[in-house]
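>>> Provided below are the primary sequence and the corresponding predicted coordinates.
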Amino acid sequence: MLKNRVLLVLIVVGLAAAASLSFVTHAPNRLLSGQGVSWAVVLGAGRWLALLPALPLVVGPFLPQRRAAHLLIAVSASALAAALLWLAGDVAIRLADPSTPSARTAFGGAFWLIEAVVALAAADAVQRGISNPAARIGFGAALILPMLALIGGGAIDQLSIMKEYANRREVFATAVATHLAIVGAMLLPTLGIGLPLGVLVDRRARLRRPVFAILNIIQTVPSIALFGLLIAPLAGLVALAPFLRQLGISGIGVTPAIIALTLYSLLPIVRSTAAGLEQVPSAVVDAATGMGMTPAQVFRRVEIPLALPVVVAGLRVTIVQAVGLTAVAALIGAGGLGAIIFQGLNGSAIDLVLLGVVPLVAIAITADVALKLAVTMLRMRSG
Amino acid sequence: MITFEHVGKTYGDWTAIEDLSLHIPKGEFCVLIGPSGSGKTTTLKMINRLIEHDRGRILFEGAEIRSFAPEQLRRRMGYAIQSIGLFPHWTVEENIGAVPRLLGWPKSRIRDRVTELLGLLALEPERFRDRYPRHLSGGQQQRVGVARALAADPAVLLMDEPFGALDPVTRDTLQAEMLRIHKASGTTIVLVTHDIDEAIRLGSRIVILDHGRIVQSGSPREILAKPASDFVADFVGREDIGIKLLSIERVGDRMRPGEMAEGEPIAADASLRHALSIFVARGIDRLPVVDQSGTVAGAIRLTDLTGAAP
């Protein structure tokens, strides 16, 4: 009878959240915590019809495990996620009152939990229903489109997170750009140092232990401490050689952030490069050498292509880690989404925090999925 | 073709090869055999400089192998190993064409050569050309490995236990194909094995090594009939020596032409060992012999199996 246990668990969690937490909250201003808005208000006047896409999900655990059933559940989940977003935006529009412009309607715990559960249900259904990795990602991306359309169309503009966004449009765009720029800039020294170091560690067994010992120690230093530790030496350096200031180098800001992120990123990159080269079968290298390839040819034609999937897998870890750490770098004035988050934390403005966190998570997930796809494609090619 | 002159190789205080002298003439199928640690693989790998010798001289076509750049030397020698070592990210065609590509052959010539070699190793060219190694069975992989080693018409083919990891049936088929390829191409082959039956079947000469020295070298018949020492006698399988001798001779060589006999006939190119098996299994002492066309050519008696060949 029960065919899909995962989905059933998700549904139970979603219903429990709906019963115990509020869907949206309303507060007279952004600093006060809001009062929950009842489901009766949210779903009144026939709005409950928007929840119809939930039906296939509820019967989903008992449907036969066929491709069509999985796709139905995925599409229903996408529709339900959009419907919930629309319902929240709709309540906010109804509660909006021009006479109290500082009043705020915000997403409540139930909204976040149910959306999370719906997203997991969709991901699980796509996983079960589609086997080709590229098609899986394409379909999954398409499922997000209805929500993006609602946000773009202004359906949730009266919700507090979008109000915060409207107040900070420019700052937000700059923060996203800075964030991506820092992560991008970090990749250059990381790959420039990490890849050769990984090759060196693979070739010289003696170096393995000391190199990894140092990289591991760096990894254990808390990020805030590492950012802080770099301020003094960099400031001293600039004092000694003032021309560095012209290059934009200083004790605080982007320079120490990139240095610290590079230091953190070296461990995963060096480790995956060395591991990638190590798992190249020695028989293949033996055959390549024995047939008359020069060492450079063996490296370029055999070792690099066979090590690449592992190296890219390490790059995936590195980038996702760097996206998160860059937020902390805002503490030393590097900017980025972290700046918005800390501003929100200092002002106890949760919606402002979310304005920083939501795109941060989106960037991390996008990078993760894209590189995971790259690894899968590389693996399929190199067996 | 290849000459070892008082060659030695030492690792620290362990002598892997001690004063080894050996001449392998052009066209020979030379099998190096010995127990583990006897130096047979070291000897093979010294030929293409995967291992460098440190005493004596090794000559290839009359010149010391150190006078060639290692890569140039290796491209003139085919190399096949037990673990095969196909490139998993390359198709069968790209694997086989690896050395020709290193040598800068034009594409069309490589393609033709791949087609020819796949046919030679009984792999349908159009079916296998674009496959990846992971889609091949172990036997098919080793066929591709052998084809890759033969691709650039090497002057010598070096094989390090090439059939060691295959099941007995596949190994038997590939051994038969190696004999056919050797006969057809006349390529000089040096093969390392620890399987005495493989050595007897394939080798035109067997070189038995122990502790880095040659303990006996000669044709399979010489080795079996006159083992030079107790070690060799034990190594070739003391109590099976007679059976093994029978396995290298053909029924046709001892047949009595024109004589008639009753019963199911045996082929003239079957081994004497096969004939003995039939005598024992059927409890008879004479067998009709048919030639390749299937016509009766004579008979063989149980007593013909013993004594010197006529």
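Arrived safely. Just so you know, these numbers come straight off a predicted model, no measurement behind them.
>>> okay, CA-based contacts and neighbour counts for the rest of this
OK.
>>> tell me the contacts of B:Ala199?
B:31-33, B:193, B:206, B:220 (C-alpha atoms under 8 Å, 6 or more residues apart in numbering or on different chains).
>>> just list whatever residues bridge to B:Tyr11.
B:Trp14 (DSSP bridges).
>>> separation between it and B:His53?
The gap separating B:Tyr11 from B:His53 is 10 Å, by C-alpha to C-alpha, to the nearest Å.
>>> give me the more crowded residue out of the two.
B:His53 (20 against 9; other C-alpha atoms under 10 Å in any protein chain shown).
>>> my guess is the more buried one contacts B:Met46. True?
Yes - the pair B:His53 / B:Met46 is scored as a contact, 6.2 Å apart, by C-alpha atoms under 8 Å.
>>> and the strands in the stretch 201-310 of chain B?
For the stretch 201-310 of chain B, strands defined by DSSP state E, counting those that start in this stretch occupy the ranges B:205-210, B:213-218, B:256-257, B:266-267, B:286-290, B:296-301.
>>> by contact count, what packs against the fourth one?
With contacts defined as 3 or more C-alpha pairs under 8 Å, 6 or more residues apart in numbering or on different chains; DSSP states H and E, strand B:266-267 has these neighbours: strand B:286-290.
>>> could you export the contacts of B:Ala199 as a markdown table, including distance to chain A and neighbour count?
Shown next, in a markdown table, are the contacts of B:Ala199 (distance: C-alpha to the nearest C-alpha, whole Å; neighbours: other C-alpha atoms under 10 Å in any protein chain shown):
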| residue | distance to chain A | neighbour count |
| --- | --- | --- |
| B:Val31 | 19 | 29 |
| B:Leu32 | 18 | 28 |
| B:Ile33 | 21 | 26 |
| B:Thr193 | 17 | 22 |
| B:Ile206 | 24 | 26 |
| B:Pro220 | 29 | 24 |
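>>> what is the nearest of those to B:Val7?
If you rank these by distance to B:Val7 using C-alpha to C-alpha, B:Leu32 comes first, at 15.4 Å.
>>> ok but that closest one is inside a helix, no?
No - checked against DSSP: H, G, I helix; E, B strand; the rest coil, B:Leu32 lies outside a helix; its state is strand.
>>> let me see the ranges of the strands in chain A.
Counting by DSSP state E, chain A has strands at residues A:24-27, A:35-36, A:104-107.
>>> please list the outside residues in contact with the last one.
For strand A:104-107, the surrounding residues in contact (C-alpha under 8 Å, 6+ apart) are A:23-30, A:34, A:88, A:92, A:95, A:158-161, A:351.
>>> select only the buried ones of the residues you listed in ChimeraX?
Command for ChimeraX that selects the buried part of the contacts of strand A:104-107, burial taken from 16 or more other C-alpha atoms under 10 Å in any protein chain shown:
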select /A:23,24,25,26,27,30,34,88,92,95,158,159,160,161,351
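>>> distance check, the closest residue to B:Gly164 other than its chain neighbours against A:Ser22.
Spatially, and ignoring its direct neighbours in sequence, B:Gly164 is nearest to B:Gln82 (6.0 Å; C-alpha to C-alpha, 6 or more residues apart in numbering or on different chains). Counting by C-alpha to C-alpha, the separation of B:Gln82 from A:Ser22 is 68 Å.
>>> cool, and B:Ile300?
Taking C-alpha to C-alpha, one finds B:Ile300 at 100 Å from A:Ser22.
>>> neighbours around B:Val114, how many?
There are 25 residues near B:Val114, going by other C-alpha under 10 Å.
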